[in-house]
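> Kindly generate the corresponding structure for this input.
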Amino acid sequence: MKTIGVTGPTGAGKTTVLRALESLGCVSVDCDALYHSLLETSPTLSGELTARFGRSILNRQGSIDRKALGAIVFADPAALADLNAISHRHILARCHALSKEAAERGAKGIVFDAIALFESGLAAECDVTLAVVAPVDVRVRRIMARDAIGEDYARARVSAQRENEYYVNLCDLSITTDDSTVEKELYAQVVQLFSNILC
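As a prediction, this is how the structure comes out:
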């Protein structure tokens, strides 16, 4: 079974790429959703975060309040680094478990969709890494339509992420989408790119 890492900025077209890889027999894992799930379900992660950041990050039910945690870490680079160190360790452990489960089910591959693919150390465990990127204006229009947000907020979200070159330079393979990209053609491009890899 192959392990594939997919990364790139928001609005680049990763969802279509993931669906195409699933059609080839892969299991896909959204690492951002996985992190949010762990915040709600992992007492170990919750305990480590509370030990580091204090009980002010907990809501009335005793669960992690993501907004309260975000207010702390996004104002303090050292705190953000600590959050990443703690959370990445738990995410990696869960990814290992999911990879084992996928192999046992006979999947041809497991695909990890991770914005922090390299920062987390997950890339080192992948057989191949893929960057999915798109021009800034294209991404802005896509996330405005997808998330029903205004242009200023969309541009702020885009500008907070790394530039395309960061992902392309680090990954083994890359795909660039733009306004002329037809979803069906992108799907076919991914299938062609990975059919031999997944043999």
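
> gap between the residue minimising distance to the centre of the chain and G70?
Residue closest to the average C-alpha location in the chain (Cα atoms, centre = their mean): A114, at 2.4 Å. Distance of A114 to G70, computed by Cβ to Cβ, to the nearest Å: 19 Å. C-betas here are computed from N, CA, C, even on glycine.

> Repeat that for L193.
Note on L193: its distance to G70, by Cβ to Cβ, is 36 Å.

> more crowded one of these two?
L193 (16 against 13; other Cβ atoms under 10 Å).

> so where does the more buried one fall, helix or strand?
L193 belongs to helix 183-195 when assigned by DSSP states H and E.

> Correct me if wrong: G109 contacts G5.
No: using Cβ atoms under 8 Å, G109 makes no contact with G5, being 10.9 Å away.

> Between the two, which has more neighbouring residues?
Set G109 next to G5 and count neighbours by other Cβ under 10 Å: G5 wins out with 26 against 23.

> How about the contacts made by the more buried one?
By Cβ atoms under 8 Å, 6 or more residues apart in numbering, G5 lies in contact with 111-112, 114, 117, 122-123, 126, 128-130, 171.

> at 7 Å what do you get?
112, 114, 117, 122-123, 126, 129 (Cβ atoms under 7 Å, 6 or more residues apart in numbering).

> returning to that earlier point: which elements pack onto the helix holding L193?
Helix 183-195 is packed against helix 14-23, with contacts defined by 3 or more Cβ pairs under 7 Å, 6 or more residues apart in numbering; DSSP states H and E.

> Tell me where this structure has helices.
Taking DSSP state H, the helices of the chain run over residues 14-23, 31-41, 43-53, 66-73, 77-104, 136-147, 151-159, 164-170, 183-195.

> Out of those, indicate the one that is most buried.
Among those, ranked by average contacts under mean count of other Cβ atoms under 10 Å, first place goes to helix 14-23 (a mean of 19).
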